[in-house]
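Colleague: Just need the structure, nothing else, for what follows:
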Amino acid sequence: MKKIYRLLYSNKFVAMVMLLMQIITFVAMYIWISDYSKVLFGLSTVLSAVLIIFEINRTEGIYF
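Modeller: The predicted structure follows:
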């Protein structure tokens, strides 16, 4: 259970969730809601900016 919590609160998990949200947004843009594609593209850009700021300002060390 502790490993699951560690995964859920890790930066990798947050980045993967945000990337998945972007992919879903792009697919929805092209399939269902082409009338609002400019709005969704703007939201995706904001989401990307939030992800970049989150990754730049994290305090964890970089371990490869």
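Colleague: where does the protein dip in pLDDT?
Modeller: 61-64 (pLDDT under 70).
Colleague: Need the nearest residue in space to residue 14, chain neighbours excluded.
Modeller: residue 54 (7.0 Å; CB to CB, 6 or more residues apart in numbering). Quick note: C-beta positions are derived from backbone N, CA and C, even for glycine.
Colleague: That neighbour and residue 48, how far apart?
Modeller: 11 Å (CB to CB, to the nearest Å).
Colleague: The residue nearest to residue 14 contacts residue 12, doesn't it?
Modeller: No. In this structure, residue 54 is not within contact of residue 12 by CB atoms under 8 Å, at 11.8 Å.
Colleague: Show me which of the two is the more surrounded one.
Modeller: residue 54 (13 against 8; other CB atoms under 10 Å).
Colleague: ok, residue 22 - contacts?
Modeller: 44, 47, 48 (CB atoms under 8 Å, 6 or more residues apart in numbering).
Colleague: Would you mark the buried spots in whatever helix or strand residue 24 lives in?
Modeller: Per DSSP states H and E: residue 24 is located in helix 11-31. For helix 11-31, the neighbour count (16 or more other CB atoms under 10 Å) marks 18, 22, 25, 29 as buried.
Colleague: From the contacts of residue 22, which land in helices?
Modeller: Applying DSSP state H to those, the entries found in helices are 44, 47, 48.
Colleague: Which one (most neighbours) among the residues you listed?
Modeller: So for the ones in helices among the contacts of residue 22 (other CB under 10 Å), the most neighbours sit at residue 44, 18 neighbours.
Colleague: isn't that one right up against residue 25?
Modeller: Yes. Using CB under 8 Å as the test, residue 44 is close enough to residue 25 to be in contact (5.1 Å).
Colleague: What separation do you get for the spatially most central residue of the chain and residue 11?
Modeller: Closest to where the C-alpha atoms of the chain average out (CA atoms, centre = their mean) is residue 18, at 1.4 Å. For residue 18, the distance to residue 11 (CB to CB) stands at 11 Å.
Colleague: Perfect, that will be all.
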